[in-house]
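J.: sequence and computational prediction follow.
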Amino acid sequence: MPTAAELKRTSPPSILIYGPPGTGKTSLLGTLGEKVQILDLDGGVRRTLSLRDDWREERLKCDVVELEEKNPARPDAAKNAKLQLDHISKLCKAGQYPFQAVAVDGLTFLAESYLKAACVNEKLDFSHQTPHMRIWQLAIQQVQNFCMRLKSLPIVRILTAHTQLVTIDENEVERIGIYGRNLPISIPGLFDEIWYTKVRNAGGGKVEFTLRTKPSGSITARSIVENNANQNEGLLNLISQLGHKL
């Protein structure tokens, strides 16, 4: 029988990275360099190229599939992201996918695209009319199906998401959010690892980008990675701590 120390994950991990805007999610993805393909739904990768840090050269090596919405009247970012996943799945099955990890950046914009597309199908003006519950349910189901498809890939899978504040027992806590709704717990449950990104004051006018990997009363997290890990370690090192080498 294996010991607890020997029960390290042997299959590629699936990782959900979430946190407020500007806390390092997209820049952390780029530290994988040529090992990762990023499906970019909000143009975040382009914004990280101005960063001047130890990982600048690696970020320039990332393969990026740009999937931003081009026409608000015809939202198709989520549809195109799903087609891209299907293509990646076929390449993986044929042993022809050239990357060791795929990252989707991110869930918030994916859900928004699904929601807007559902509104268009129902002839609702998303900017002026509140989507009814059936449309929300449809969009969330499509998000869940997408995440299950992502989870099925035989490589390292990473998904980023934003947070929103919700009130629980008169206390404000941060939860993974999708356009004004709480994310169903079944979706985070699809991922092996859940990391929360944050920025802390490091003194001397400097800040440090860290990862919360253990849960607290205000956030959801789970991992065998050390709590408050420094993002500057890079994803390659962090994933190796999960027992998986890229």
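T.: Happy to help now that I have it.

J.: which residues touch the closest residue in space to N228 that isn't next to it in sequence?
T.: The shortest distance from N228 to any residue other than its chain neighbours is 5.0 Å, reached at T210 (C-beta to C-beta, 6 or more residues apart in numbering). Where C-beta positions appear, they are placed from N, C-alpha and C, glycine not excepted. Residues near T210 by C-beta atoms under 8 Å, 6 or more residues apart in numbering: T197, K198, V199, R200, N228, A229, N230, Q231.

J.: make it 10 Å
T.: 19, 23-24, 195-200, 202, 227-232 (C-beta atoms under 10 Å, 6 or more residues apart in numbering).

J.: could you measure the residue nearest to S89 when sequence neighbours are not counted against K93, distance?
T.: The shortest distance from S89 to any residue other than its chain neighbours is 6.2 Å, reached at L153 (C-beta to C-beta, 6+ apart). Applying C-beta to C-beta, to the nearest Å, the value for L153 to K93 is 10 Å.

J.: quick one: which of those two has more around it?
T.: The neighbour comparison of L153 against K93 (other C-beta atoms under 10 Å) goes to L153, with 19 against 11.

J.: is it true that G22 touches T163?
T.: No: using C-beta atoms under 10 Å, G22 is not in contact with T163, being 11.6 Å away.

J.: which strands and helices sit next to whatever helix or strand Q37 lives in?
T.: Taking DSSP states H and E as the criterion, Q37 maps to strand 36-40. Helices and strands touching strand 36-40, by 3 or more C-beta pairs under 10 Å, 6 or more residues apart in numbering; DSSP states H and E, are helix 25-29, helix 44-48, strand 63-66, helix 77-93, strand 101-105, strand 156-161.
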